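Predicted model follows, preceded by the sequence.
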Amino acid sequence: MKKTILFLLLVFVIKASAQDEQRVITTAVPFLTIAADARAAGMGDMGVATSTDAFSQQWNPAKFAFAERKMGIGVSYTPYLESIITDIALLNAGYYNKINEQSAFALSLRYFTLGEIILRQTINEDGRRVKPNEFALDGSYSLKLSPTFSMAVAGRFISSNLRFQDGAQDSQAANSFAVDIAGFYRSREIAYNNFDGRWRAGFNLSNIGGKITYDEGGQENFLPSNLRLGLGFDFILDQDNVIGITSEVSKLLVPTPQDFNDDGQIDSADNDIYQNISGFSGIIDSFGDAPDGFSEELKEFTWALGAEYVYQDSFMFRTGYFNESEEKGSRKFFTLGAGFKFKAAQIDLSYLFSTSQVRNPLENTLRFSLTFSLGEEYIND
């Protein structure tokens, strides 16, 4: 589809459309924070403490140690800005393999394409076609440290090819590496008066790494380092009906932009100071650098609530709500989702309804995922 460079800019304008407030935190490669699978998207963009599936790599790779099948394969498709442009999308593929009852490894690929763009100097010029894109390639290893708790470490290669060739100067993708450290707790099944139950909890420190640069000697950009914490409970009503309730909070581990020189505005001099903060120092500073103190730090946390009903392990219905402070991005939305499983295959879909005055690029978008669970079955007590 033909379109001009304005559409590329529109992607980033819409992603940052809530940034009337000067202290909204922005990062490079924001596609890493988009829910890439329909199951998580159907529960309010959460997954750090939900049950294991083939897409756990993004949310909490420690969950793979509790997988109930030998292998899992998942692919998903998420249209982006679908109401404006038809060829911008996030594609995701994941694979895990249990080494034994205690451990597993996993691989995944996330690919964000901005479609085809035609660059022109004049309206009558034929133009030059470019296809900007970004991707992340992950690998992880998870291990049960006890029958109820596991941890995982993941490595990630990130490539962002958004720079266009200009004359004799060759364009090159900006590359970086990051790691995740995650943990997952799943209790044994507990007998209550009228039902059985199981607790779930998880954490994930993701995208920990240095900064990324698009130009030699140019501006350095923070990766979207993130902390996720989640808690959930499964109401096992009988062998056919299970209801899972999950809550999650998250925070970008990135410094807050601020007026360092106290001149009443955030200008280029403040940006120069901001640029001198290293990636790792920024993670530490992010817990206490908000200019308005603790009250503003709390606004930098997002929270989500989600629920999933499973009938006979064959039909799933999901819903969720996601909330972000109006001063820090104003993402607020409800989600609905459903899943259908037949033998080894499962298809999931989700839909998002924005409740914010700021338009969400995924508003009224249907997302799809397809997973396959293969091999022998593992029983986790």
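Received, thanks. Numbering: from 1, shown residues only.

what's downstream of the helix or strand of the chain with the lowest mean pLDDT, the next helix or strand?
The weakest-scoring helix or strand in the chain, judged by mean pLDDT, DSSP states H and E, is helix 5-15 (a mean of 40). Downstream of helix 5-15, the next assigned helix or strand under DSSP states H and E is helix 38-42.

Make sure Thr355 is actually in contact with Ser330.
No - under the criterion of CB atoms under 8 Å, Thr355 makes no contact with Ser330, lying 10.0 Å away. C-beta coordinates here come from the backbone N, C-alpha and C atoms, glycine included.

how about the helices in the stretch 151-300 of the chain?
For the stretch 151-300 of the chain, helices defined by DSSP state H, counting those that start in this stretch occupy the ranges 268-275, 279-285, 294-299.

Using JSON lines, lay out those helices together with distance to Leu227, mean pLDDT and mean neighbour count.
What follows is those, written out as JSON lines (distance: least, CB to CB, whole Å; pLDDT from 0 to 100; neighbours: other CB atoms under 10 Å):
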{"stretch": "helix 268-275", "distance to Leu227": "20", "mean pLDDT": "75", "mean neighbour count": "13"}
{"stretch": "helix 279-285", "distance to Leu227": "9", "mean pLDDT": "85", "mean neighbour count": "17"}
{"stretch": "helix 294-299", "distance to Leu227": "12", "mean pLDDT": "89", "mean neighbour count": "13"}
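
Gly244 is nearest to which of the ones you listed?
Closest approach to Gly244 among the helices of the stretch 151-300 of the chain is made by helix 294-299 (27.1 Å; CB to CB).

Contacts for the helix or strand following that closest one next, please.
Moving toward the C-terminus from helix 294-299, the next helix or strand (DSSP H and E) is strand 301-311. Residues from elsewhere that reach strand 301-311 (CB atoms under 8 Å, 6 or more residues apart in numbering): 42-46, 50, 240-251, 316-325, 331, 335.

Name only those of the residues you listed that count as buried.
Neighbour-count burial (16 or more other CB atoms under 10 Å) applied to the contacts of strand 301-311 gives 42-46, 50, 242, 244, 246-248, 250-251, 316, 318-325, 331, 335.

Give me the subset of those residues that lies in strands.
242, 244, 246-248, 250-251, 316, 318-323, 335 (DSSP state E).

Find the pair from the residues you listed with maximum spatial separation.
The largest separation in those, counting by CB to CB, is between Val242 and Lys251 at 30.1 Å.

Grab the nearest non-local neighbour of Trp59.
Gly47 (3.0 Å; CB to CB, 6 or more residues apart in numbering).

Could you measure from the one you found over to Ala38?
Gly47 sits 11 Å away from Ala38, going by CB to CB, to the nearest Å.

Check Asp313 too.
From Asp313 over to Ala38 (counting by CB to CB), the distance is 18 Å.

Looking at these two, which one has more neighbours?
Applying other CB atoms under 10 Å to Asp313 and Ala38 shows that Ala38 carries more neighbours, namely 29 against 11.

so what's that one up against?
By CB under 8 Å, 6+ apart, the neighbours of Ala38 are 76, 337, 339, 348-350, 367-369.

most surrounded residue in those?
Ser350 leads those on contacts (other CB under 10 Å) with 30 neighbours.

what sits against the nearest residue to Pro255 once chain neighbours are set aside?
Residue nearest to Pro255 in three dimensions, not counting chain neighbours: Gly282, with 4.6 Å by CB to CB, 6+ apart. Contact analysis of Gly282 by CB under 8 Å, 6+ apart lists 222, 225, 253-255.

go with 10 Å
211, 222-223, 225, 252-256, 274, 289 (CB atoms under 10 Å, 6 or more residues apart in numbering).

what does Ile212 give?
Counting by CB under 10 Å, 6+ apart, the residues that Ile212 touches are 27-29, 158-160, 174-178, 219-223, 279.

From Ala201, how far out is Ala136?
26 Å.

and what of Pro291?
With distances taken as CB to CB, Pro291 is found 33 Å from Ala201.

Between these two, which is the more surrounded one?
Using other CB under 10 Å as the criterion, Pro291 and Ala201 rank with Ala201 on top: 19 against 11.

Arg186 is in contact with the more buried one, correct?
Yes - Ala201 is within contact range of Arg186, at 8.2 Å (criterion: CB atoms under 10 Å).

count of residues packed around Leu206?
Rather than Leu, residue 206 is Ser. Neighbours of Ser206 under the rule other CB under 10 Å: 27.

Assumed Ala62 was part of a helix.
Yes - the assignment for Ala62 (DSSP: H, G, I helix; E, B strand; the rest coil) places it in a helix.

those strands in the stretch 51-200 of the chain, which residues are they?
Here the stretch 51-200 of the chain has its strands, by DSSP state E, counting those that start in this stretch, at 69-79, 89-98, 103-113, 117-119, 128-130, 133-146, 149-161, 174-186, 190-191, 196-208.

Determine which of the ones you listed approaches Ser373 most closely.
With distances scored as CB to CB, the stretch of the strands of the stretch 51-200 of the chain nearest to Ser373 is strand 69-79 (4.1 Å).

which residues of the stretch 51-200 of the chain score low on pLDDT?
120-122, 163-171 (pLDDT under 70).

what about the closest residue to Phe31 other than its chain neighbours, distance to Tyr80?
Using CB to CB, 6+ apart and skipping the chain neighbours, the partner closest in space to Phe31 is Phe112 (3.9 Å). Here Phe112 is placed at a distance of 8 Å from Tyr80 (CB to CB).
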